[in-house]
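Chemist: What shape does this take:
(chains A and B)
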Amino acid sequence: MEYFLQQLINGITLGSIYGLIAIGYTMVYGIIGMINFAHGDIFMVSSFIALIVITALGLTVSTGLGLTILALILVLVTAMVIASVFGWTTERMAYRPLRGSFRLAPLITAIGISIVLQNYIQITQGARVKPLQPLIEGGYTLMTRVDANGEFAVRLSNMQILIIAITVILMIVFSLMIAKTSLGRAQRACEQDRKMASLLGINVDRTISMTFVMGAALAAVAGLMFLLYYGVIDFFIGFVAGVKAFTAAVLGGIGSLPGAMLGGLVIGLIETFWSAYFSIEYKDVAAFSMLAIVLIFLPQGLLGKPEVEKV
Amino acid sequence: MTATPLLEIRNVETYYGKIQALKGVTMEVKAGEIVTLIGANGAGKSTLMMTICGDPRAAAGQIIFDGQDITKLQTHEITRMRIAQSPEGRRIFPRMTVYENLIMGATTSDPAYFDEDLSRAFELFPRLKERRDQRGGTLSGGEQQMLAIARALMARPRLLLLDEPSLGLAPLVVKQIFEAIKELNDKDGLTVFLVEQNAYHALKLADRGYVMVNGNITMSGTGKELLASEEVRAAYLEGGAH
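Modeler: Numbering: from 1, shown residues only, chains lettered A, B, ... in the order given. Below is the predicted model of the structure:
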């Protein structure tokens, strides 16, 4: 029971990170019907930006808590802004010129951008893994079990609390933004009928750009959290995390925001539990098998609903 | 009514790939007029409507709105000049509520007018008020048509483009919609350009009309003249006059 609880906490934390990345995939797919394969690399780039800013600020674990939080907010904002610029530029340079071209064209440039970003970071930052000393330590012991095997404590670290809290807050802010603001309405309009949206005076190109910017900003949040949680990054993390988040988006129902979040959680939990109870080597197999099984029985994903539309 | 036309179309040609849909269309709509365009399926009526809005773009010719050449503007820029369209197929946002669809219609309009325009839309089509929070995709065809027109009106257009507003509607509702158009034209001086297959009603309503065949304008005249014309009667009104 204690072991299970601990894995649950770990799984939710991991799932939160996947979920945040998955939103970027699902939003872009929703609006232009294309999988942005460079999205995982935007996440990777932003974790490097975060690392650079943290190093530049000279943050260590001995920095006071108040100052650390303040500094991390600065890091987060910087990473979000720069990641947004990357996201915007990618769309502008690699996807927009191909809009109206055949469907596979932007997919191919997406993979191209992904390779460019990976190599760019590899050349400028080196191929070796970059470590970061933990900045936020401590946590809470929820329960302890003592038996013949020794002691087992269920721990919820401050870092995990931070990740889960930020994810929940961002999800709420984000959902409200999509539901209530004019930008959110414009995005939904473009998603449902781009031609009609432009007939009503929506600048479709700008709305699409904003979608990339929002997705990249969320990926930057995930990038910082990944860096703080795992403490090591390299130029290749974007690929693995990207594929997982993409799986999460498809699992939850591509195009659906709550679906992306749920998919992220499910993938995070499956991976964690599989590693904990079976074998860590096959955790990816478990996650992708789950995707295959769900898609066989629910082709539209967990929360994606095929809309019945009257014509 | 001013002497210079509000909308002037000069020798406009439009292609879909290699297929030429409009073969040099010239026509005009004066401020305060109701002008109708009639023609058979596939004549290019809807294409002309969409070409005015820049999607597809005219390959040749000029489209002038209120003295300004809009031929090369982007769709959303053209809309911002307060040209609103209720397009072919209605194109209601299916996963948005009726209310949200109407908000979308007011995208280019001054928010100060929103409440006034909304109550006018609900007055014009009380059914929409009942369905206010229902998703667009769940409305009946007739309700969607009302919503499409109401949404276009939310933009406070100077020129309203209506593509087959009577399509799929019960005769009573058609009558209601045509009356609404007439009223908007009389009271607010709204300029309307109407594409219709329901030629009889459209010509009765319109000040002037054009007939389109295979991407060409073949005839024009006042609504009365066209109604009286033998050719029009034979081609578009036989059995259709009720």
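
Chemist: From residue A:189, how far out is the spatially most central residue of chain B?
Modeler: Relative to the mean C-alpha position of chain B, the nearest C-alpha, by Cα atoms, centre = their mean, is the one of residue B:162, at 1.6 Å. According to Cβ to Cβ, to the nearest Å, residue B:162 stands 21 Å off from residue A:189. All C-beta atoms are positioned from the backbone trio N, CA, C, and that covers glycine.

Chemist: where exactly do the strands run in the stretch 1-150 of chain A?
Modeler: Ranges of strands in the stretch 1-150 of chain A, per DSSP state E, counting those that start in this stretch, are A:130-131, A:139-147, A:150-157.

Chemist: same check, this time on chain B
Modeler: Ranges of strands within chain B are B:7-16, B:19-29, B:34-39, B:60-65, B:68-69, B:83-86, B:159-163, B:191-196, B:208-213, B:216-222, based on DSSP state E.

Chemist: Mind splitting chain B into its structural domains?
Modeler: B:1-81+B:158-242, B:91-155 (automatic domain parsing).

Chemist: For chain B, just list every one of the helices.
Modeler: Along chain B, counting by DSSP state H, helices occupy B:45-52, B:75-79, B:98-105, B:114-124, B:126-130, B:141-153, B:171-188, B:199-205, B:223-228, B:230-232.

Chemist: who's in contact with the third one?
Modeler: The one in question is helix B:98-105. By Cβ atoms under 8 Å, 6 or more residues apart in numbering or on different chains, the surrounding residues in contact with helix B:98-105 are A:185, A:189, A:197, A:200, A:202, B:84, B:92-93, B:96, B:114, B:118, B:121, B:128, B:131-134, B:136, B:139, B:147, B:150-155.

Chemist: redo that, cut-off 7 Å
Modeler: A:185, A:189, A:200, B:92-93, B:118, B:121, B:128, B:131-134, B:136, B:147, B:150-152, B:154-155 (Cβ atoms under 7 Å, 6 or more residues apart in numbering or on different chains).

Chemist: cool, and the fifth one?
Modeler: For helix B:126-130, the surrounding residues in contact (Cβ under 7 Å, 6+ apart) are B:98, B:121, B:122, B:143, B:146, B:147, B:150.

Chemist: ok, now the fourth one?
Modeler: Judged by Cβ under 7 Å, 6+ apart, the contacts made with helix B:114-124 from elsewhere in the structure are B:102, B:106, B:109, B:128, B:129, B:150, B:153, B:154, B:156, B:180.

Chemist: Identify, from those residues, the entry nearest to residue A:41.
Modeler: residue B:106 (39.4 Å; Cβ to Cβ).

Chemist: Can you report how many residues neighbour the closest residue to residue B:50 other than its chain neighbours?
Modeler: By the measure of Cβ to Cβ, 6 or more residues apart in numbering or on different chains, the closest residue to residue B:50 outside its immediate chain neighbours is residue B:56, 6.5 Å from it. Neighbours of residue B:56 under the rule other Cβ atoms under 10 Å in any protein chain shown: 15.

Chemist: check contacts around residue B:56.
Modeler: B:14, B:16, B:50.

Chemist: can you tell me which residues contact the second one?
Modeler: With contacts taken as Cβ under 7 Å, 6+ apart, residue B:16 has the following neighbours: residue B:56.

Chemist: Just list whatever residues bridge to it.
Modeler: residue B:19 (DSSP bridges).

Chemist: For it, give its distance to residue B:85.
Modeler: Separation of residue B:16 from residue B:85 (Cβ to Cβ): 19 Å.

Chemist: Just list the residues touching the residue of the stretch 201-311 of chain A found nearest chain B, thanks.
Modeler: Scanning the stretch 201-311 of chain A for proximity to chain B using Cβ to the nearest Cβ identifies residue A:201 as nearest, at 3.8 Å. Contacts for residue A:201 (Cβ under 7 Å, 6+ apart) come out as B:76, B:79, B:80, B:107, B:108.

Chemist: near chain A, which residues of chain B show up?
Modeler: B:53, B:55, B:75-76, B:79-80, B:85, B:87, B:91, B:93-96, B:100, B:103-105, B:107-108, B:137, B:141 (Cβ under 7 Å from any Cβ of the partner chain).

Chemist: Show me which of those are buried.
Modeler: Among the residues of chain B next to chain A, those classed as buried by 16 or more other Cβ atoms under 10 Å in any protein chain shown are B:53, B:75-76, B:79, B:85, B:87, B:91, B:93-96, B:100, B:103-105, B:107-108, B:137.

Chemist: For the closest residue to residue A:177 other than its chain neighbours, the count of nearby residues, please.
Modeler: Of all residues beyond its chain neighbours, the one nearest residue A:177 is residue A:184 (5.1 Å), with distances taken as Cβ to Cβ, 6+ apart. When counting by other Cβ under 10 Å, one arrives at 17 neighbours for residue A:184.

Chemist: again, but for residue A:139
Modeler: By other Cβ under 10 Å, 13 other residues sit near residue A:139.

Chemist: List the contacts of it.
Modeler: Listed by Cβ under 7 Å, 6+ apart, the contact partners of residue A:139 are A:155, A:156, A:157, A:158.

Chemist: Which residues are in contact with residue 125?
Modeler: Using chain A. By Cβ under 7 Å, 6+ apart, residue A:125 lies in contact with A:48, A:235.

Chemist: wait, chain B
Modeler: Counting by Cβ under 7 Å, 6+ apart, residue B:125 makes contact with B:146, B:150.

Chemist: which phi and psi does it have?
Modeler: Dihedral pair for residue B:125: phi -130, psi 80, per degrees, to the nearest 10.

Chemist: Equivalent analysis for residue B:73, please.
Modeler: phi -70, psi 160.

Chemist: roughly how far out does the longest helix seen in chain A sit from the chain middle?
Modeler: Longest helix in chain A by number of residues, with DSSP H as the criterion: helix A:2-32. Taking Cα atoms, centre = their mean, to the nearest Å, one finds the center of helix A:2-32 at 7 Å from the center of the full chain.

Chemist: What is the end-to-end distance of stretch B:223-232?
Modeler: The first and final residues of stretch B:223-232 sit 11 Å from each other (Cα to Cα, to the nearest Å).

Chemist: pLDDT weak spots in chain A?
Modeler: Counting by pLDDT under 70, chain A shows low-confidence ranges at A:305-311.

Chemist: Mind doing that once more with 90?
Modeler: Under the criterion pLDDT under 90, the flagged ranges of chain A are A:1-3, A:30-35, A:58-69, A:99-104, A:133-155, A:240, A:254-256, A:279-311.

Chemist: interface residues of it facing chain B?
Modeler: Going by Cβ under 7 Å from any Cβ, the residues of chain A near chain B are A:185, A:188-189, A:192-193, A:195-196, A:198-204, A:307, A:309-310.

Chemist: hmm, back to that, so what's the residue nearest to the centre of chain B up against?
Modeler: B:86, B:149, B:192, B:194, B:195.

Chemist: ok, 8 Å please
Modeler: By Cβ under 8 Å, 6+ apart, the neighbours of residue B:162 are B:85, B:86, B:149, B:152, B:181, B:192, B:193, B:194, B:195.

Chemist: any idea how far chain A is from it?
Modeler: Using Cβ to the nearest Cβ, to the nearest Å, residue B:162 is found at 13 Å from chain A.

Chemist: Check what pLDDT that residue gets.
Modeler: With respect to pLDDT, residue B:162 scores 94.

Chemist: what does the one 4 residues further on give?
Modeler: Among the per-residue scores, residue B:166 holds a pLDDT of 85.

Chemist: Show me which of the residues of chain A next to chain B are buried.
Modeler: Burial by neighbour count, 16+ other Cβ under 10 Å: within these this picks out A:185, A:188-189, A:192-193, A:196, A:198-204.

Chemist: Restricted to helices, list those.
Modeler: Per DSSP H, helices hold the following members of those: A:185, A:188, A:189, A:192, A:196, A:198, A:199, A:204.

Chemist: Sort out which one of the residues you listed lies nearest residue A:264 for me.
Modeler: Among these, and counting by Cβ to Cβ, the member closest to residue A:264 is residue A:188, at 21.2 Å.

Chemist: my read: that closest one touches residue B:95, true?
Modeler: Yes. At 7.1 Å, residue A:188 and residue B:95 qualify as touching, with contact defined as Cβ atoms under 8 Å.
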